[in-house]
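Visitor: Pasted the sequence and its predicted model underneath.
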Amino acid sequence: MATAYFAPLDLEGALEVMRAEQPVIVAGGTDFFPAQGRAPVKRPILDITRVPALRGLSWKDDWLRIGAATTWTDVLRADLPPAFDALKAAAREVGSIQIQNAGTLAGNLCNASPAADGVPPLLTLEAEVELAASDGTRRMPLEAFLKGPRQTALKEVELLVALHIPRPPAHTTSAFEKLGARKYLVISIAMTSVLIGLDEEGKINIARIAVGSCAPVAKRLRTLEAELIGTRPGALEITAAHLSELAPISDVRADDTYRLEAVPHQITRAIRAATHG
Ligand SMILES: Cc1cc2nc3c(=O)[nH]c(=O)nc-3n(C[C@H](O)[C@H](O)[C@H](O)COP(=O)(O)OP(=O)(O)OC[C@H]3O[C@@H](n4cnc5c(N)ncnc54)[C@H](O)[C@@H]3O)c2cc1C
């Protein structure tokens, strides 16, 4: 039997398909189709890429809205303040240009891989997700949305409609570090995103640090963040002792010890890059 394929042109149409058809949602398809392999798709497909309201980045009341069909390439082309440099750096390293042209930030989040490169920068930007069903919408921090490997707070009938990011303080800058077995087309062994603000004396007054691929979901390192406040970039020696929130596993890409050794170097380099020093 042929699979039904829905490509609505507005959000109401998409939510109606969600209600009536219990479809699988596909945006870029760059996670969905490789995972499907040769198996037939048994449920109807909802393609959300033709809904104009779901595509693009826009500011309103000091919040940046990123629609669910917004691609990595859209992010790279957007004019954004330096606090978004880490997100752009992650975008530049997702797969290849072809993957960046089709793959979306929302798909990266909903796929909920521990190695999703978009998560650490979006955690440091304190992103929220907007989820919609035919009977209403709800919003929650990204941290609450990601529940575990391949697990999110999405209900069967819900669509992730947009990410919302509060405007970061004007003096903040950011950087992203990705470690893999090679430079391109590689799944991260570990990745780190930092967002840093310096006061007039050059001391850190905002520190947000998130690490991915080293726990079931990417984590903010809040103990380290607190310790960095009031220090100058590079003054605090970051060691594995600062990584209490992480619980890396050993897998085909690297063992847990290697990850714990690599991350302090990533954080140190990222802080240096973010503060241009
Ligand atoms: C060759 C290759 C290289 C890759 N390299 C990287 C990499 O370096 N880093 C990285 O992080 N990822 C990488 N990926 C994975 C993938 O490209 C990204 O995760 C991408 O952002 C997924 O977006 P998508 O729009 O293609 O998602 P899709 O495949 O369309 O969807 C992914 C999942 O999310 C669900 N979904 C999508 N949109 C929504 C929505 N709006 N609401 C609810 N559910 C939704 C889908 O049902 C599906 O379960 C790679 C993939 C390939 C094939």
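Guide: Received, thanks.
Visitor: all strands of the stretch 101-250 of the chain, in order?
Guide: According to DSSP state E, counting those that start in this stretch, the stretch 101-250 of the chain carries its strands in the segments 128-133, 136-141, 146-148, 151-152, 159-166, 172-179, 190-198, 204-212, 219-220.
Visitor: so which of these gets nearest F84?
Guide: strand 172-179 (6.9 Å; C-beta to C-beta). Using the backbone N, CA and C atoms, a C-beta is placed for each residue, glycine as well.
Visitor: Can you tell me the strand partners of that closest one and which way each runs?
Guide: In the sheet, strand 172-179 lines up against strand 190-198 (antiparallel) (DSSP bridges).
Visitor: the inter-axis angle of the strand it pairs with versus strand 204-212?
Guide: 170 degrees (axes from the mean of the first three to the mean of the last three C-alpha atoms, to 10 degrees).
Visitor: can you list the residues of the stretch 101-250 of the chain near the ligand?
Guide: Within the stretch 101-250 of the chain, the positions lying close to the ligand (C-beta under 6 Å from any ligand atom) are 102-104, 106-108, 110-111, 116-117, 154, 159-160, 185.
Visitor: again, 8 Å this time
Guide: Residues of the stretch 101-250 of the chain lying near the ligand by C-beta under 8 Å from any ligand atom: 102-111, 113, 115-118, 131, 154, 158-161, 178, 180, 185-188.
Visitor: Quick one, which of the residues you listed are buried?
Guide: Burial by neighbour count, judged by 16 or more other C-beta atoms under 10 Å, picks out 102-111, 113, 115-118, 131, 154, 158-161, 178, 180, 187-188 from these.
Visitor: ok, back up a step: so of the residues of the stretch 101-250 of the chain next to the ligand, which ones are in helices?
Guide: The members of those that map onto helices under DSSP state H are 102, 105-111.
Visitor: Reformat the residues you listed as a markdown table; add pLDDT.
Guide: What follows is those, written out as a markdown table (pLDDT from 0 to 100):
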| residue | pLDDT |
| --- | --- |
| A102 | 98 |
| L105 | 98 |
| A106 | 98 |
| G107 | 98 |
| N108 | 98 |
| L109 | 98 |
| C110 | 98 |
| N111 | 97 |
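Visitor: show me the contacts for P23.
Guide: 4, 6, 17, 43-46 (C-beta atoms under 8 Å, 6 or more residues apart in numbering).
Visitor: I only care about those residues that end up buried; give me the ChimeraX line for that.
Guide: One line in ChimeraX is enough to select the buried ones among the contacts of P23; burial here means 16+ other C-beta under 10 Å:
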select :6,17,45,46
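Visitor: Which single residue of the stretch 101-250 of the chain ends up nearest the ligand?
Guide: The ligand sits closest to G107 of the stretch 101-250 of the chain, with a gap of 2.1 Å, by C-beta to the nearest ligand atom.
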